[in-house]
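A.B. asks: here you go, sequence then predicted model.
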Amino acid sequence: MADMILTRQVLELEQTQLALFYPILQKGVAVLVDVGCPLKSLLCDQFAIPETYVTDRITTVFLDNQPVDDLDHAIIGNGSRIALSAAMPGLVGATMRRGGFYAALRHGISQLAQDGPMTHGKGTVTLKLFNLLLAEVGPLVLARGILLERNVFDELLQHLPVVPGSMPDCGDRVLLSVTLTN
């Protein structure tokens, strides 16, 4: 990222426009974070998601394509990929549910507790949100800021009813922060 030019953009949009971000949030957005911390710390401390919400509502968690049961021992690294979902229906949903009855069926693919030295510092993760979390966690992620390639940002602007004032065409990537109002 150091060799790319980064433009910062802040938008204030109506709550009704949140759905425009759903495809981007489902595909995955890059987010600047402090790495080397447990996944639970990332969610609660950096994204300001209440601990009870993380524990009770975010039931399916993947870190680097592996299901996670223990959020306190899954360590976030630079470039980690995180997928979050509320409860999913059916046997697959029950099997992937964090700490669920059928979690033993996926033992061979689950994220194991990580021991050893942690590399702390600034980095990026790719965050994906699904189902109910789009509307519930999406605003927190957008307010914190997401990194978008310039062409993705330009395409997003085409779908917004209110386009921000002139923005210099100088950035390869855009750090977009979105505040949603009623």
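C.D. replies: Looks like it arrived, so ask away. Numbering: from 1, shown residues only.
A.B. asks: where does this structure dip in pLDDT?
C.D. replies: Scanning the chain for pLDDT under 70 picks out the ranges 1-5, 88-118, 162-170.
A.B. asks: where do the helices of it begin and end?
C.D. replies: 22-27, 39-41, 51-56, 90-96, 133-144, 150-159 (DSSP state H).
A.B. asks: wait, what's in contact with the closest residue to A143 other than its chain neighbours?
C.D. replies: Taking Cβ to Cβ, 6 or more residues apart in numbering, and ignoring the residues beside it in sequence, A143 has T179 as its nearest neighbour in space, at 5.8 Å. Just so you know, the C-beta spots here come from the backbone N, C-alpha and C atoms, and that holds for glycine as well. By Cβ atoms under 8 Å, 6 or more residues apart in numbering, the contact set of T179 is V10, L11, E12, L13, L142, A143.
A.B. asks: 10 Å - rerun?
C.D. replies: With contact set as Cβ atoms under 10 Å, 6 or more residues apart in numbering, T179 has these partners: V10, L11, E12, L13, P139, L142, A143.
A.B. asks: related to what we said a few turns ago, generate a markdown table for the helices of the chain, with distance to R81 and mean neighbour count as supplementary columns.
C.D. replies: Shown next, in a markdown table, are those (distance: least, Cβ to Cβ, whole Å; neighbours: other Cβ atoms under 10 Å):
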| stretch | distance to R81 | mean neighbour count |
| --- | --- | --- |
| helix 22-27 | 12 | 16 |
| helix 39-41 | 12 | 20 |
| helix 51-56 | 18 | 13 |
| helix 90-96 | 16 | 14 |
| helix 133-144 | 15 | 18 |
| helix 150-159 | 17 | 14 |
